[in-house]
Structures are given as structure tokens and as C-alpha cells.
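Peer 1: need a structure here:
(2 chains)
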2 protein chains.
Amino acid sequence: MTTTEVTSQTQQWTNLAQQLRVDSIRCTTAAGSGHPTSSMSAADLMSVLVLSHLHYDFNDPKNPNNDHLIFSKGHASPLLYSIYKAVGAVSDEELLTLRKFGSRLEGHPTPELPWVDVATGSLGQGLPDGVGIAACGKYLDKLPYKVWVLMGDSESAEGSIYEAFHLAQHYKLNNLVAILDCNRLGQRGETELGWDTEAYAARGKAFGWNTIVIDGHNYDEIDQAYRQAADTTDRPTFIIAKTLKGKGVSLVENKDGWHGKALSPEQAEEAIKELNPQVRSMVFPVQQPAAGKVAPEPPARPLELPRYELNTKEATRKAYGDALLALGAANPDVVAMDGEVSNSTYANEFAKAYPERYFEQYIAEQQMVAFAIGMQVRGKITFASTFAAFFSRAYDFIRMAAISRANIRLSGSHAGVSIGEDGPSQMALEDLAMMRAVYDSTVLYPSDPNQTAQLVAEMAEHSGILYIRTTREKTPVIYSPDEKFSIGGSKVVRQSDKDKATVVAAGITLHEALSAYEQLKGEGINIRVIDAYSIKPIDEETLFAAAQEAGGKIITVEDHWPEGGLGEAVLEAFTQIDAPLPQVVKLAVESMPTSGTSAQLLEAAGISAHHIVEAVKALVKSSR
Amino acid sequence: MTTTEVTSQTQQWTNLAQQLRVDSIRCTTAAGSGHPTSSMSAADLMSVLVLSHLHYDFNDPKNPNNDHLIFSKGHASPLLYSIYKAVGAVSDEELLTLRKFGSRLEGHPTPELPWVDVATGSLGQGLPDGVGIAACGKYLDKLPYKVWVLMGDSESAEGSIYEAFHLAQHYKLNNLVAILDCNRLGQRGETELGWDTEAYAARGKAFGWNTIVIDGHNYDEIDQAYRQAADTTDRPTFIIAKTLKGKGVSLVENKDGWHGKALSPEQAEEAIKELNPQVRSMVFPVQQPAAGKVAPEPPARPLELPRYELNTKEATRKAYGDALLALGAANPDVVAMDGEVSNSTYANEFAKAYPERYFEQYIAEQQMVAFAIGMQVRGKITFASTFAAFFSRAYDFIRMAAISRANIRLSGSHAGVSIGEDGPSQMALEDLAMMRAVYDSTVLYPSDPNQTAQLVAEMAEHSGILYIRTTREKTPVIYSPDEKFSIGGSKVVRQSDKDKATVVAAGITLHEALSAYEQLKGEGINIRVIDAYSIKPIDEETLFAAAQEAGGKIITVEDHWPEGGLGEAVLEAFTQIDAPLPQVVKLAVESMPTSGTSAQLLEAAGISAHHIVEAVKALVKSSR
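Peer 2: A predicted model of the protein is given here:
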């Protein structure tokens, strides 16, 4: 570049940066809330990125060659939206709707905006999500797009950042660049590390990243760092940029007490005067993405699900693994991951057959869910598995996945006390409650391997957050491989016209219910038995019919705490109709389990056949 | 030491190590399951620790001067229990009850054993828990006890480990020693870092720890490392010990495929022959703890709760902060922590008044909950606060806290859509479901600041996992400061003998219900309004009475997803009685919220006064 070019380039970077600052102030002042100062610290970083390094067609957000820009510090949304204005994607008028009801410019970014891949705002998530996208680019799409993640310094306290550091280095994601906006000030004062950029650098280096410390307001240093990131071929890049929060406005620059506060209209006017922007509503050019094509995929093949013979035994977790393997054969878009327990969840069958589409996550459940979210940004059908109990580790990521409108499929094995000897730390007893309380989620809990296989196949076709709970123990095959099971369905397994009560069960407890049925029948008491394998959505019609036809008496039985699981899902169904509730008795795990055999623990928990028999008898006798 | 002494010391270390290996094999073989190989790798590390560095009176596990020994790799429980046998705390007979129903020697350690501080088995938790104990030792107890944490190498992939690294260094916990049993093999194959001990060391150093790499089977190196840890005055110590999984038995040593598998009786016999132990059931001496005394505490003072005048306005989150401050003044055992949002949760009032009892956790919610767990091991009354949504980050820790029988108090602010402009990432809409589904939990959701203050005071007195959900917005003070509110209670706020239906609300929705009451009254429809501030346990009697006296029609309304919250808690109550059942309609947040004002979002969510009025009218009209 000649001196004139350099000057002109610097001037352009300055012009955009100041416009971004002005707009970040304007839109938050108009909203009366928001984060102008956290936006201003990163304006120079983003100006150089957008003008000189980002490749993105804002008219075509679905272009597979677009780079990905993720604001892991989602509260800097005013800066992100000001970028969208600066590239002509959002009008000035829309920018000023920030945080207002009905605007797609929400307090924190969500994919309601077509250029946003994932919702952020819960800190420490954008980087792990970016790891999934970058892995997809490098290993599956094989396209040269880059993933740029703007991080806050406060969020480096979240453990999930190190799960991401760990995995990004493991997968040598040289297409991933994390830019730390080290502005020293958190919400309530100084961050733990303040401006100790060397401490951040030591962490980056310890995790094997290409690590660069710069002055985040020096355009040449910023530009140079991005170039160096582009030249790196074997590892991700971590740029630690020392910045000033509120940079450019003396009222707020590097001042405590200005986190998450809008300037008053008068303060804003003064601030803009001080920023003295050369342009106000200029539209800046962005480099177009490369013209790479996604490699043509092998054509999808017909799905051949595993089949299990009636009256043999198999664990539903094994059926999950078998079905995932079958999906892998049928559909090249199916991708799997697991948290270092693939020999227990049986994801290892897929891993062996399709190693190029299997991504080991080690014991890092937050990163695993984020990886699934990242991969689905690029259209992959993602299945992630671990022990059901350990998805509790990733609950915030699952919650945020729903806000991201992500389509992810989670398989939790080793549900409930029936796992036996390992004891309560390995038993999922809250997973149904946790997964039901996720927006637009689907919650499945099959009792039979043929049923499991069919539901896993359905999961691949559905959207939203899908969860399947499987059992560790081998259980009898009770359904023919040709029987059909669907999300939202249920199966009436036993019924007669003399049913005195209905037992609603799922998974392991269905087998207890069937055993109770036999005992009760021997004593002349007929019961209806429903396999409620789809817990959300639940088959309301079948429940209503049972309540009407079988004495208005229902017993639910589940290998789960009493709260939020099958029993409450059944009760919930009866709030949908214009009638009083049926009489419902809930059997669930009421005391802290220990080690023991599966049978001992089901009995101790009060959810065995024996307890069902007693509950039915008491309920049938009851006065009502 | 003379040469003879050295030899005899080495011989003793060897004797104990081999006995521990033999017992780890024996008890797992007797159980038919468990983790002998993960125990054997760490036997030398533990032998030197127990014989030469641990200070512990096994006859007096409550002795405040005892060291703390935490198996963060909880699956190595056979080794831990073999240590308990070797020090005479557990008989050989009891050791062989491992994993059997009724035994306190569960698959993973729990505080059912008096020498176990915290339940482990979900990986990556023992170290964060240990940080809390060590901080208590250094800053509150001011006793010279040490906290020794045995870590697995696989669990170093969990982000929570780095949250612990971060905070332990911040608080300069020189009394904390993490011992990494780097045996290279995880559950399904090699760990990500294998035997790359330098990579582990780089991480330890990057986080500012005193970091030592040793051969984990070389007694002198082990002994030296522990000595060096003891000499460190300003930082925690991280010992990375290269070990062999299954060390000492050629059948399993450093062999893949032996994770979590017991040897057959024949294999065990061969293995023990090969180990050739010099002693089998020797009881080894352990050094007694120091005789330090916990500093006498200033006497407790009468509790003076804050008082809010009727018809003023205040946010319940502010009342939490005020009440916590009052508790701090009254009780020197009250300790508080917060995840870098103390100016939003109002924990900052306590932090300013009692800085010596306030521990900033930065944005690391897993570590925050673990810190609370660790501090309560030493009898502290711990309160931890953040936005309610972000407790989802720590759900696995909360689940494990219940297994630890820990007493912790969590305060989640910014509940529901009523927070307004910040959008869904900051809105807790699943926290009631999540917290209800925790064993022995208490879930509170006050509507009024005077009520909040009373409930916070009650939380200090109660055991188990206690959760209070608070509101961001200021709401009217509706209760006198002299009115009494208790866990398990409720308050009938409006009633008459002409009530046609009952509205059950809590928190922000109570104010909507009161507004709906006025509108309905104006139209000649009387309703009963219940403030269900104690969601778990819920006040069943008041609900039953309402169902009987007010037309058998109940409307629940909550700022939460439909699943697992207030509505389901109310339904659950009606499974407890053999009596006529009400018709229940649930109002809850049914669609993904956006940004907007509190009023706009309550309306959009379908939980405003207007929606309550409509629901009441429809229900009252309904055919029944």
C-alpha cells in the first residue's frame, strides 16, 4: 500500500468505528437502556474486521461461504446492530427500535435476525457454539469460511470457555478466531484479571492456541492480528485486545458504574459531539464470500432400522446406538457426538462406522451441546449423547438452544434408579422435568428397543430440542419391529371393558406395570396400561379416554423425582379439557436412592410392580 | 532420616499401597462391578499422603482441624474405602459390602460416610467443592487444615475445573492441593491429552498455581511434591502424577478396555498373587490434626429485618439484599457469594458491610454453587445469588448438592418475562421446574418485600437446597412488615363467601391477579386470590379449601414456562387427597418472549390481569 492508501484505509476504519460508536449510543439512548460502553470498546476491533477481513454477503445470509460473526458478549448487541446498519442490512429507522416490543433488534441477539447464527446473552456460549460451526467448516463443509467470535473479558471466568479452548485446539480449528475485548470493567467493577493481558495470553497458549496480544484501539495492530490469524494453518487464534470501555467519550471512558446504562439524550448529544464522526449513515462495502461449493453429498439411502425379535431382551440405550448407526447409513447429514461415554450410550457404533461424522467431546457436556448447536447452524442433523444425569451440566446451553431456535437431538442413557449399583450421582432423576421445561422441546422415554429405533428415526425429522431418555438395563422386547410409534403418540398396552383404573407408565416402569397387571388380573382386577413413551407432547386423547372408560382413576409411575416428570405431564393434560381432574395417584422416587440391584432400587423407590399393585388396590377401593 | 529409616518408610508406603490395591480388587470383585483399575493407579499417591502428610482423626470426623480428603474422581471409591479400612475406620467385612443394597459404601462416595465431605461421581465437582472448603479454612476458620483433592485426568475436560483453578488462585488458597492421577486412559480409550503431563502443567501454570510434575509411582517424588505443597504460602498446588491405570497387575496395567470393570474371582486371585502384598489387613497410623481452635465468634445478635411501608414500591430482589444484610448483622456464620452481578441481586449490600464474609465468584456459576457447598461443609450458612436464569448453568452442582445432603441457599433474581427489555436470554422461565425437581428442595417465590425478608430469614434456619426467586421490577408493598410468612405457607389475599373461582398466583403474577380481582368484582364476579409464595412445599390445605369453597375451579398463573412450575405444583397437591377434584386452567408463558416493557411482555405471554379476567370468565361460564 502507498502512504495515501494507508491513510485512506485508516480513515475508513476510523470512519466506520466512530459511526458504530455513535449508533451504539443513539440506539441505546432511544431505548433508554442497553450497553453502549461495552459496544464502544470493541468498535475499532469490529471496524477493521468488517472492512478488511470479514467475507459476507448480507443480501444472502444463507450463503454457505459466508463467514460467521458471533457476539459471544451478546450484550454488545448495539454494536452488532450498528454493524448491520453500516453494511446496509438494517435501516437507521429500524436501528432505533432497539429493545422495543415488536422489534427484531432485541436486548441480546437472536436468530430472529437472519445474520445471527445463535442466540447469546448468557455468557460463555458464543465461543463454544463457534467451535461447532468451525468444525463443520473444516471437516464437513470443507469451505474456507472463518468463524469470528467477539468475547467479553468477564465471560472468561466461565468454565465453558476452557471446554471450547480445549476442543478447538483438539480439532485444530485454524478457521476459528476468538477476539477478546479486554476492557477491564465488568458489571460491578473490575474483572478478576483486569488488563493483565499476559495472564489471558498464558491461558490461550496453555491450551495450544495461536495467541496474540494487541492494543484494541490500534488499527494496524488489529489488522496485523487478523492477518496472522488467517495465516495460521494448524490451530485456532486467540486475540487479546486491550481496550477502554466507553472508548472515545470522556464521560464514560474507562469509568466504573457505566455498565449496561444508556446515556441521557443530553449526554448522548455531548458524546456524539466529542466523537466528532466524519460520517453518520454511510454504507460500507464488505468483501464477498468465496465461491466455494459444498461437496456434493452421497445420496440419501432408504433407512433400515434395526429389528429386535419379540420376547428377546435388549436395552433401549443399545437400540439408540443401533438406530443412530442406521440413520448414519441412510442420511449423510447425520452427525454424532458424545461426552467420552460412547461405549455406554452406544454412540460408538456410529463413531466406528462414520468416524468422519463423529466428534468426540471428551467429558465436556456444555461444549458438546454447543457443538451440536454449531453444527446445526450449517444444516447438520446433530445427535449428542451422554448419561442423562450429565445433561444437567449443559442446561443453560439447552435453554439457550431453544432461544436460538436450534434443532438438536439429545440422548440421555442410564435413566433413574434402575441403573443399579453406581448410585445416585449417575442416576438421572430430574431430566424429564428439566427437558420438559424447555421451549418447543420434545421428550421421549421408550420402553422397548423397536419403539426406541422408530422414535430415534422420527427425531431426525423433527425440529426443536428433542430429548430421548434411555434405560441402562436390558428389558424385554414387547413390540414387533413392524409396529409404528410416533412423537405425540402413546400405546394402550392392556385394556378391557372392565378396567377399574389406568396405569400410565414409560420406560422401565412400563415393565413393572405389565407385571402388576398380571398380578391384579389374577386377583380379578382389570386395569388399563398405557405406555406414555411421548412425554411431551403427551397423547391427551388416549388419557382422556382412559379417564372416562376406566373409572376416572389414574396411577402414574415413573423412575424420576415426583416433580415435573411423567405424572405432572399427565396432570397437565387434564387442564386442557373442560372437566374436573380425574383422581390421580403418582408413584415416583420419593427418597434418595443408594447402590443396589435394579430390582432392589425400584422396590425401595416405591415404583416396582408391587407398589403399583398396592396403589391400584387402594385407589380402586377409595370412596369417590 | 538415616538409610534404615528411609528404607522402612519406603517399605511402609509400599505395604499400604499394595494393601490398598489388593482391597480395591477384592471389594470390586465381591461386588461384581466398580473401578479397581482407576483405584490402583492412585494407590501410591494415596499411600504417601495417608501415611506422611494427612492430618486426620478418623475417630472424630467433626474435628475442625482435620484435613479434608476429596475424591473428585469419585469412581475411585474402592481406593477411598480401602483407605478407610487401612486407618481402622471401616472393617474388612464392611469393605466387602461395596455397592450392595443397604451398604453405606456406595458406588460413588456420599456423606452417608462421616469422613466424606461431599458426594462426587459427577466429574469436575470435587475440586470446585474443595475450593470452598479451603477458602473457609484460610479466611474464616483460620485453621491450618489442608484440602487434598484427588482428580482424574478425564475430568480435566470439564470447564468447572478451570473455574476452580481461576478462583483458587484468586483467593491464594495455599492450603489446597490438587493431585491429578494422570493414568492416560478414560472410559472409552485414551484421554485427549494422554500422558502429556507438560500440557497439564502449562494449564496449571497459566492459572497461577504452583505446579509440579512427578512420577506417580515414585514414592520419593510424591513425598517431595507434598512437602513442596506444604511450603507454598501464596498459591494452590497442582501435582500432575504420571501413573499407570491398573498399576501392578499385568492383566490390566495400562490396558484399554478395563475401565469400570471388576476382575473375576479367578483373575482377582492371580492379581493378588502378582501384587504379593506384605500385609493384608494392617491398620496404619495417621497423623493427628493440629490442636488449633476456631476463633470465637462474636455473639449472634437479634435479627432486625428490613421493613417496607405499605403502599410504597420496592423490588423483591432489593428486599433479598436488605434481608441478607440483616442476617449478616445478626449471625456471624452467614456467608454470601455472587456471580459478578451483586449490584443487580443486591448481594452488594452484604459485600460492603461484611467484606470478610463475602466471596466474589466472578461469572462462574458452577464454582459459585460449589463454593457454597464447600463452605457449608464447615458449618457456614451460605447464600449464593445470580440471575435466576444462570443457575441453570449450575444444575448438575445443585443436583449433586442434594446428594451431598448440603444446606445451601440460592437466590435467583430477574425471574420471568417481567424483566422486560433484556430479552429471553436473561429471563428465568424454567427455574421453578429445575429447582422443584431437586431432592429435599424448598422453592419460594415472594410477591412482596416484607414477605421476601421474612422468607430469607427462614431460609437461614432451614436445611436442604433452598431457592428463592425474586423479581426485577419494583412492585407494590401489599403486606405489613408485621405479618408472618413461613416456608410451606400461603396467603389468601382476597376471599368472600361468593367466590366463583380461585386464582393461584405468586411473585409478579400476584399483582396481576389482584388487578384482575378488581376488574371482575366490578363486573359482579367474586374470586378468591391465593398468594402461593411457597411453591415447594405448597400449602395443600389452603388449596383444598379453595377448591371446595370456590366452585371447584382454579386458575393458576405464573411467569414461567407451562411445565414444572406453579401450575404443576398446584396439580400435584391434588394427587394427595381422596376428594372431589377441581377443574384447573393454567396460565403460563406459552411463546418465546422478546424485548419490550414488563407490561407488554406479561400481556404477550398471556399472564396479565387481562388474561386472568378472561380465563376466569370462561371457566366460570363453563358447563360443569
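
Peer 1: Surely A:Leu51 is within a helix?
Peer 2: Yes. Going by DSSP: H, G, I helix; E, B strand; the rest coil, the assignment for A:Leu51 places it inside a helix.

Peer 1: Tell me, how many residues neighbour it?
Peer 2: Neighbour count for A:Leu51, taken as other C-beta atoms under 10 Å in any protein chain shown: 22. For every residue, glycine as well, the C-beta is placed using N, CA and C.

Peer 1: Now do the host helix or strand of A:Phe544: which elements does it pack against?
Peer 2: Take DSSP states H and E as the rule and A:Phe544 turns out to sit in helix A:540-549. For helix A:540-549, the helices and strands in contact under the criterion 3 or more C-beta pairs under 8 Å, 6 or more residues apart in numbering or on different chains; DSSP states H and E are strand A:501-505, strand A:527-531, strand A:553-557, helix A:566-573.

Peer 1: Give me the angle between that helix and strand A:527-531.
Peer 2: For the pair helix A:540-549 and strand A:527-531, the angle between their directions (axes from the mean of the first three to the mean of the last three C-alpha atoms, to 10 degrees) equals 170 degrees.

Peer 1: Quick check: buried residues in helix A:540-549?
Peer 2: A:Glu540, A:Thr542, A:Leu543, A:Phe544, A:Ala545, A:Ala546, A:Ala547 (16 or more other C-beta atoms under 10 Å in any protein chain shown).

Peer 1: and the residue of the stretch 351-500 of chain A found nearest chain B, how far is that from B:Arg399?
Peer 2: Ranked by C-beta to the nearest C-beta, the top residue of the stretch 351-500 of chain A for proximity to chain B is A:Ser425, at 2.9 Å. Taking C-beta to C-beta, to the nearest Å as the measure, A:Ser425 falls 9 Å from B:Arg399.

Peer 1: The two - which one has more neighbours?
Peer 2: Counted by other C-beta under 10 Å, A:Ser425 and B:Arg399 do not tie: B:Arg399 has more neighbours, with 30 against 26.

Peer 1: With adjacent residues omitted, what lies nearest to the more buried one?
Peer 2: Computed as C-beta to C-beta, 6 or more residues apart in numbering or on different chains, the closest residue to B:Arg399 that is not its neighbour in sequence is A:Ser392, at 5.4 Å.

Peer 1: got it, and A:Ala351?
Peer 2: Looking at A:Ala351 with C-beta to C-beta, 6+ apart, the closest residue is A:Tyr358, at 4.0 Å.

Peer 1: Apart from its neighbours in sequence, what residue is nearest A:Lys138?
Peer 2: Of all residues beyond its chain neighbours, the one nearest A:Lys138 is A:Asn175 (5.6 Å), with distances taken as C-beta to C-beta, 6+ apart.

Peer 1: name the element the closest residue to A:Ile408 other than its chain neighbours belongs to?
Peer 2: Closest residue to A:Ile408 in three dimensions, ignoring its sequence neighbours and counting by C-beta to C-beta, 6+ apart: A:Ala372, at 4.4 Å. Counting by DSSP H and E, the element that carries A:Ala372 is helix A:365-377.

Peer 1: That helix: what's the following helix or strand?
Peer 2: Next along the chain after helix A:365-377, with elements defined by DSSP H and E, is strand A:381-387.

Peer 1: quick check: mean pLDDT across that next one?
Peer 2: Strand A:381-387 shows a mean pLDDT of 98 in the predicted model.

Peer 1: A:Lys313 reaches A:Asp448, doesn't it?
Peer 2: No. Shown here, A:Lys313 and A:Asp448 do not form a contact pair, counting by C-beta atoms under 8 Å, at 10.5 Å.

Peer 1: that older thread, how many neighbours does the residue nearest to A:Ala351 have?
Peer 2: By other C-beta under 10 Å, the burial measure for A:Tyr358, its neighbour count, is 21.

Peer 1: can you check A:Gly488 too?
Peer 2: The number of residues packed near A:Gly488 is 14, by other C-beta under 10 Å.

Peer 1: can you tell me how far the closest residue to chain B within chain A sits from B:Ala164?
Peer 2: Across chain A, no residue is closer to chain B than A:Gly159, which sits at 2.4 Å (C-beta to the nearest C-beta). With distances defined as C-beta to C-beta, the gap from A:Gly159 to B:Ala164 amounts to 8 Å.

Peer 1: shared neighbours of these two, anything?
Peer 2: Between them, A:Gly159 and B:Ala164 share the neighbouring residues B:Gln367, with contact defined by C-beta atoms under 8 Å, 6 or more residues apart in numbering or on different chains.

Peer 1: for the stretch 201-350 of chain A, what spans make up the helices?
Peer 2: Defined through DSSP state H, counting those that start in this stretch, the helices belonging to the stretch 201-350 of chain A, from first to last, are A:219-230, A:265-275, A:316-330, A:342-345, A:348-353.

Peer 1: Can you give me every residue that contacts the closest residue to A:Ser441 other than its chain neighbours?
Peer 2: Excluding the flanking residues, the one nearest A:Ser441 by C-beta to C-beta, 6+ apart is A:Ile465, at 4.3 Å. The contact partners of A:Ile465, taken as C-beta under 8 Å, 6+ apart, are A:398, A:401-402, A:406-408, A:410, A:435, A:438-442.

Peer 1: Any idea what the residue nearest to A:Ala351 is bridged to?
Peer 2: Listed by DSSP bridges, the beta-bridge partners for A:Tyr358 are A:Ala336.

Peer 1: before we move on, the earlier item: need the buried residues of helix A:540-549 in TSV with pLDDT, can you?
Peer 2: Conversion of the buried residues of helix A:540-549 to TSV gives the following (pLDDT from 0 to 100):
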residue	pLDDT
A:Glu540	97
A:Thr542	97
A:Leu543	97
A:Phe544	96
A:Ala545	96
A:Ala546	97
A:Ala547	95
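
Peer 1: And those residues, which is closest to A:Pro144?
Peer 2: Checking the buried residues of helix A:540-549 against A:Pro144 by C-beta to C-beta gives A:Glu540 as the nearest, at 50.1 Å.

Peer 1: buried ones in stretch A:452-470?
Peer 2: Going through stretch A:452-470 with 16+ other C-beta under 10 Å, the ones that come out buried are A:452-460, A:464-470.

Peer 1: er, stretch A:232-243 actually
Peer 2: Neighbour counts over stretch A:232-243 (16+ other C-beta under 10 Å) mark A:Thr232, A:Arg235, A:Pro236, A:Thr237, A:Phe238, A:Ile239, A:Ile240, A:Ala241, A:Lys242, A:Thr243 as buried.

Peer 1: Over to stretch A:117-131?
Peer 2: Judged by neighbour count (16+ other C-beta under 10 Å), stretch A:117-131 contains these buried residues: A:117-131.

Peer 1: just those that are near chain B?
Peer 2: A:Ala119, A:Thr120, A:Gly121, A:Ser122, A:Leu123, A:Gly124 (C-beta under 8 Å from any C-beta of the partner chain).

Peer 1: Next step: the buried residues of stretch A:452-470 restricted to strands.
Peer 2: Using DSSP state E, the members of these that fall within strands are A:Ile465, A:Leu466, A:Tyr467, A:Ile468, A:Arg469.

Peer 1: pretty sure the fourth one is touching A:Ala453, no?
Peer 2: No. Applying C-beta under 8 Å, one finds A:Ile468 not in contact with A:Ala453, separated by 10.9 Å.
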